[in-house]
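[1] Curious how this folds, go ahead:
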Amino acid sequence: FALHKPKNYEKSAYDTRKTVGWAVVSCVVPALVMLDAAGMQVPYPATVAIMVATGFGAGYYLTGWENLASRGRLSDPLVAFGLVMAIAFALFLVVSLFMTPLAKGVMGIVFALLGAVLFYGVSKRRNEFPASGKRKKGKQPEGDAVQEPGDVELRGTFNRKLDALLLVLNVPLGYGLAVLYLFDAMYFYIAITVALTALVVFVLLMRAFKLTLTFVNLLRIGIGVSVVALIALGMNNSLSLACGILLFATWLVLRLAHAVIVIKLTKVQRVPPVYLAVRAKQPGYLGFIAGFAIGMLTIMLTEGPPAIAMVGMSIAAILVVAALALLPFAKSYDKQLDVLPVLVDPKATSAEDIEHAKCAELARRYNLSPREEEILFFIVRGRNAKFIAEKLVISESTAKTHIHNIYKKSGIHSQQKFIDIMDELV
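    Residues are numbered from 1 along each chain as shown. Have a look, this model is predicted:
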């Protein structure tokens, strides 16, 4: 978060020197692994300092890729992010289970340098930053509109509720993984394998059947699964493994959906992608860290399964209370965000038919009446109330009332934003 303060919006957060510097830092931890494999010991304080620096390096590249993905107009964010997550975890499993410590260090350095080269090459190709580290004067890249944090809609009331819900929901996910890993590392690897398969199946099903699922409905499902898994966690080894798989699969799917939502919000709300990527994901990171810490302390300071089950049930109770308190906002939120890009009627061929199909989809999303759908068609074409009244043979005041209701139901407050949303529909 420190790398992307509001004062840095107008200048590039990414440049040649930073890319090279963080690439070098990213290679230090794999180098430590190699030294350890060779029998050389590194002082503990130095190891901790290096790990902290590496965390900053990882943050630099992760938010950098988010930035590029937001500007790059991915044709299918769900598949793109799903593919990245699947490949990353598959590589993690291969390296963790089948390589010697020395080979792990070598692979870590290779991946760090390869990631830096790819990031620099793609950034330069898209003119994200010049070699000097200063952004070129003139027209900014599309979607790079600078807004002060106070003007960003995400700081509204029900977005704070979403922050709180994401934080609480990530606590049981971190707790479950910590318990699995510290209780039996092999359970951890099995859970990753099965959950990763579930993630791939989820993406394939969503694309094959052109399904749409709102993010809030995913949150509801995630809360239900997490509560059940937490209650059963720690009862016995086999059940603990099943619960861990459920929790990890839930976490993967929610992370994937959240990444897609962040991409969509940067386009709809005209917010700097880096700000949104960092701002939107902080609650989830904090909740996951808290849950992992609770799991570690539970294993270290208690006598095993009974305590694990008791702590799990306590977290489940907190999660239920948080859901009851925070989910009533979901009805308003559901109208604005779908996990998948919308697929309009494939039979629509002419430009006008496609526009009508897109308006029908927006009408479904925002619960508009048939008359409001008709008026929306003219709004996205840039027409005013007087023109709409003449075309539909209604009074101008009636047309203005319908327009007001459309804006109120959708939570959108400008004609241009409606036009932008129409452009994003596939």
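[2] Remind me what the helix or strand that Ile261 is a member of packs against, helices and strands.
    Per DSSP states H and E: Ile261 is located in helix 237-268. For helix 237-268, the contact count by 3 or more Cβ pairs under 8 Å, 6 or more residues apart in numbering; DSSP states H and E identifies helix 44-71, helix 77-98, helix 157-183, helix 185-208, helix 215-232, helix 273-301, helix 415-424 as packing neighbours. In short, each C-beta sits where N, CA and C put it, glycine included.
[3] now, of these, which is deepest in the fold?
    Relative to the other members of the helices and strands packed on helix 237-268, helix 157-183 carries the highest mean neighbour count by mean count of other Cβ atoms under 10 Å, namely a mean of 22.
[4] Would you mind getting the angle between that one and helix 185-208?
    Using axes from the mean of the first three to the mean of the last three Cα atoms, to 10 degrees, the interaxial angle of helix 157-183 with respect to helix 185-208 works out to 140 degrees.
[5] So which bits of stretch 381-389 are buried?
    Within stretch 381-389, the residues scored as buried using 16 or more other Cβ atoms under 10 Å are 383, 385, 388-389.
[6] could you dump it to PDB, C-alpha only?
    Taking C-alpha atoms only, stretch 381-389 is exported to PDB below (Å, rounded to 0.1, in the frame of the first residue of the first chain):
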ATOM      1  CA  ARG A 381     -27.800   7.000 -27.500                       C
ATOM      2  CA  GLY A 382     -27.200  10.400 -25.900                       C
ATOM      3  CA  ARG A 383     -30.800  11.700 -26.200                       C
ATOM      4  CA  ASN A 384     -32.400  14.200 -23.800                       C
ATOM      5  CA  ALA A 385     -35.800  14.200 -22.100                       C
ATOM      6  CA  LYS A 386     -37.400  16.400 -24.700                       C
ATOM      7  CA  PHE A 387     -36.400  14.100 -27.600                       C
ATOM      8  CA  ILE A 388     -37.500  11.000 -25.600                       C
ATOM      9  CA  ALA A 389     -40.900  12.600 -24.900                       C
END
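[7] what's in contact with it?
    Taking contacts as Cβ atoms under 8 Å, 6 or more residues apart in numbering, the residues outside stretch 381-389 that touch it are 355, 375, 378-379, 391, 394-396, 398-400, 403, 415, 419.
[8] Just the buried residues of those.
    Members of the contacts of stretch 381-389 classed as buried by 16+ other Cβ under 10 Å are 355, 375, 378-379, 394, 399, 403, 415.
[9] Show me which pair in the residues you listed is furthest apart.
    Glu355 and Ile394 (20.8 Å; Cβ to Cβ).
[10] now the buried ones among the contacts of stretch 381-389 in JSON lines, with distance to Ala38, secondary structure and pLDDT?
    As requested, those are exported to JSON lines (distance: Cβ to Cβ, whole Å; DSSP: H, G, I helix; E, B strand; the rest coil; pLDDT from 0 to 100):
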{"residue": "Glu355", "distance to Ala38": "66", "secondary structure": "helix", "pLDDT": "78"}
{"residue": "Ile375", "distance to Ala38": "72", "secondary structure": "helix", "pLDDT": "90"}
{"residue": "Phe378", "distance to Ala38": "72", "secondary structure": "helix", "pLDDT": "90"}
{"residue": "Ile379", "distance to Ala38": "68", "secondary structure": "helix", "pLDDT": "89"}
{"residue": "Ile394", "distance to Ala38": "82", "secondary structure": "coil", "pLDDT": "89"}
{"residue": "Ala399", "distance to Ala38": "77", "secondary structure": "helix", "pLDDT": "91"}
{"residue": "Ile403", "distance to Ala38": "72", "secondary structure": "helix", "pLDDT": "91"}
{"residue": "Gln415", "distance to Ala38": "66", "secondary structure": "helix", "pLDDT": "85"}
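[11] would you turn those residues into CSV with distance to Leu169?
    Rendered in CSV, the data for the buried ones among the contacts of stretch 381-389 read as follows (distance: Cβ to Cβ, whole Å):
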residue, distance to Leu169
Glu355, 38
Ile375, 39
Phe378, 41
Ile379, 36
Ile394, 46
Ala399, 43
Ile403, 37
Gln415, 36
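[12] Stretch 372-391: how far from the chain's middle?
    Relative to the mean C-alpha coordinate of its chain, stretch 372-391 is positioned 35 Å out (Cα atoms, centre = their mean, to the nearest Å).
[13] Distance across that stretch, terminal residue to terminal residue?
    Start and end residues of stretch 372-391 are separated by 14 Å (Cα to Cα, to the nearest Å).
[14] how near is Leu362 to Glu373?
    With distances defined as Cβ to Cβ, to the nearest Å, the gap from Leu362 to Glu373 amounts to 8 Å.
[15] Hmm, I typed the wrong one, I wanted Gln415.
    To Glu373, Gln415 is 16 Å away according to Cβ to Cβ.
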